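1. Below are the sequence and a predicted model for it; my questions follow.
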Amino acid sequence: SNFTALPAINHYRLSNPLGPLKMLLKQLSYILLVSFVASASSFITPPLSIKQPFIPTTLQSSASSTPPPTIEKDYEEPSDAIINIKPAAMKRLRELRQTENPDGTLILRMGVRNGGCSGLSYVMDFSTEDEIQEEDAVDEYATENIKCVVDSKSMLYLYGLELDFSDELIGGGFKFFNPNAEESCGCGSSFGV
């Protein structure tokens with residue numbers, strides 16, 4: 001009678017040699033799961049008592065918590081301006097004029113070139129009187145000693161553009177708001193038409 005029981009056990013082991021190992025692994029995984037749940041429960045905080053109600057607080061970035069202070073427009077824009085310079089951008093351009101050319105005129109050349117995430121990207125650089133071409137469009141802010149120069153090819157894309165400035169730590173700098181752009185990139189320095 002012992003002889004008949006033994007072949008049954010041997011037959012099970014021969015047909016499924018990993019069977020005992022699988023059972024051992026199931027038992028170990030169950031033990032690990034139980035110990036993990038037990039240790040994780042020590043990290044769960046107890047419920048708040050009624051004496052101390054929970055008041056949720058959130059951290060907000062400076063961009064969303066308080067709007068930047070409004071800067072009054074204290075300059076006169078040309079009547080047919082191609083680029084509309086916002087007060088914050090004008091303030092920054094005045095600062096740049098003081099560092100780049102305190103006694104002369106700051107000439108800011110703006111344009112468009114191929115490239116960027118959306119197909120076209122903005123170009124902005126300092127220029128000189130000698131580099132102004134006959135076909136360039138010039139917005140002159142005489143009282144500010146600032147000129148904004150746009151080449152004829154770029155004028156099609158930049159007409160009506162609003163130039164603003166932000167001094168935020170993340171995403172700060174000159175901002176371009178282009179009414180001619182059908183799409184723009186998250187970086188703000190490229191657009192598509």
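-> Cool, the structure landed.
2. going forward, measure contacts and count neighbours with C-alpha atoms only.
-> Fine.
3. mind listing what's buried in stretch 156-174?
-> Residues of stretch 156-174 classed as buried by neighbour count (16 or more other CA atoms under 10 Å): 157-165, 174.
4. gap between the two ends of that stretch?
-> One end of stretch 156-174 sits 20 Å from the other (CA to CA, to the nearest Å).
5. Stretch 111-131 too?
-> Using CA to CA, one end of stretch 111-131 lies 14 Å from the other.
6. what about that stretch, average pLDDT?
-> The predicted model gives stretch 111-131 an average pLDDT of 86.
7. Next: stretch 157-171.
-> 88.
8. In this protein, what residue spans correspond to strands?
-> Counting by DSSP state E, residue ranges of the strands within the chain are 83-85, 106-114, 120-127, 137-141, 146-150, 161-166, 173-177, 183-184, 190-192.
9. So which of those strands is nearest Lys91?
-> For the strands of the chain, distance to Lys91 was read as CA to CA. The smallest value, 8.6 Å, belongs to strand 161-166.
10. Who does that closest one pair with, and is each partner parallel or antiparallel?
-> Partner strands for strand 161-166, per DSSP bridges, with pairing direction: strand 83-85 (parallel), strand 173-177 (antiparallel).
11. Now tell me which of those strands the model trusts least on average.
-> Between the strands paired with strand 161-166, the one with the least mean pLDDT is strand 173-177; it has a mean of 88.
12. Give me the contact list for that strand.
-> 89, 161-167, 188-189 (CA atoms under 8 Å, 6 or more residues apart in numbering).
13. between those, which is closest to Ile83?
-> When the contacts of strand 173-177 are ranked by distance to Ile83 (CA to CA), Leu161 comes first, at 5.1 Å.
14. Determine which two of the buried residues of stretch 156-174 are furthest apart.
-> By the measure CA to CA, Tyr157 and Phe165 form the most distant pair in the buried residues of stretch 156-174, at 19.9 Å.
15. didn't Ser152 look like it was pressed against Asp136?
-> Yes: under the criterion of CA atoms under 8 Å, Ser152 lies in contact with Asp136, with a separation of 5.5 Å.
16. Between the strands paired with strand 161-166, which one is closest to Tyr75.
-> Closest approach to Tyr75 among the strands paired with strand 161-166 is made by strand 83-85 (10.0 Å; CA to CA).
17. can you list the residues that contact that closest one?
-> Among residues not part of strand 83-85, those counted as contacts by CA under 8 Å, 6+ apart are 77, 139, 148, 158-164.
18. switch the cut-off to 6 Å
-> Contacts with strand 83-85, where a contact means CA atoms under 6 Å, 6 or more residues apart in numbering, come from 160-163.
19. hang on, the earlier thing: tell me the most buried of the strands paired with strand 161-166?
-> Sort the strands paired with strand 161-166 by mean neighbour count, taking mean count of other CA atoms under 10 Å, and strand 83-85 sits at the top with a mean of 21.
20. Give me the pLDDT value at Glu134.
-> 93.
21. Please report the distance of it from Gly104.
-> Between Glu134 and Gly104 the distance, using CA to CA, works out to 21 Å.
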